[in-house]
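Asker: take a look and give me a structure for this.
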Amino acid sequence: MKTPTNPSIKRSASPRLSNSLLSAGRGVEHTLQTVKYAARETLAAAFRVFNSIASSLENGRRVELRGFGSFGLKERGERAGRNPKTGESVAVEAKRVMYFKAGLALRARVDHGSTEISRGEQR
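Answerer: Next comes the predicted model:
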């Protein structure tokens, strides 16, 4: 009888059981390697999407993800503000502020605990 390659698989008295455990162990190892690869690819894809959204916002464009929501920018003008500690008047520079508005499908899911919305399905 061969010694198992995976140390977590114990040697069995029955060669038949031992061989099935070895096969299961190899299958699990293969699955884990596949999942790690899939996880790396998924993470890379997610970062590409996030970078694309960030670049669009940086260039002043609105981004809409149907069913999920939209990201956009609002221009805030220069204004007078107050230092909360001293109460002294302070000039606040003009700036762009990012916002997120949830889409209908996301709102419905959060409000009513509905099931996952599949691609193309909107309420």
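Asker: give the next helix or strand downstream of whichever helix or strand T42 is part of.
Answerer: Assigned by DSSP states H and E, T42 falls within helix 15-58. Once the chain leaves helix 15-58, the next helix or strand it forms, by DSSP H and E, is strand 63-65.
Asker: now for that following strand, which elements pack on it?
Answerer: Contacts defined by 3 or more CB pairs under 8 Å, 6 or more residues apart in numbering; DSSP states H and E place strand 63-65 against helix 15-58, strand 69-76. C-beta: built from backbone N, CA, C; applies to glycine.
Asker: quick one: contacts for A102?
Answerer: 68-69, 110 (CB atoms under 8 Å, 6 or more residues apart in numbering).
Asker: now G67: phi and psi?
Answerer: Phi and psi for G67, reported as degrees, to the nearest 10, are phi 80, psi -20.
Asker: so what pLDDT did it get?
Answerer: With respect to pLDDT, G67 scores 88.
Asker: so what's it closest to, chain neighbours aside?
Answerer: Nearest residue to G67, sequence neighbours excluded (CB to CB, 6 or more residues apart in numbering): A105, at 3.8 Å.
Asker: distance of the one you found from S89?
Answerer: 45 Å (CB to CB, to the nearest Å).
Asker: follow-up on the earlier one: could you flag which of the contacts of A102 are buried?
Answerer: For the contacts of A102, a burial check counting by 16 or more other CB atoms under 10 Å picks out G69.
Asker: picking that back up, for my notes, confirm the residue nearest to G67 occurs in a helix.
Answerer: Yes - remark: A105 belongs to a helix, assigned using DSSP: H, G, I helix; E, B strand; the rest coil.
Asker: so it makes contact with F68?
Answerer: Yes - counting by CB atoms under 8 Å, F68 is a contact partner of A105 at 7.2 Å.
Asker: so for the strand or helix carrying V97, what gets flagged as buried?
Answerer: Element membership for V97, per DSSP H and E: strand 95-102. Within strand 95-102, no residue counts as buried by 16+ other CB under 10 Å.
Asker: wasn't P84 part of a strand?
Answerer: No - P84 is assigned coil when assessed by three-state DSSP, not a strand.
Asker: phi, psi of it?
Answerer: phi -70, psi -20.
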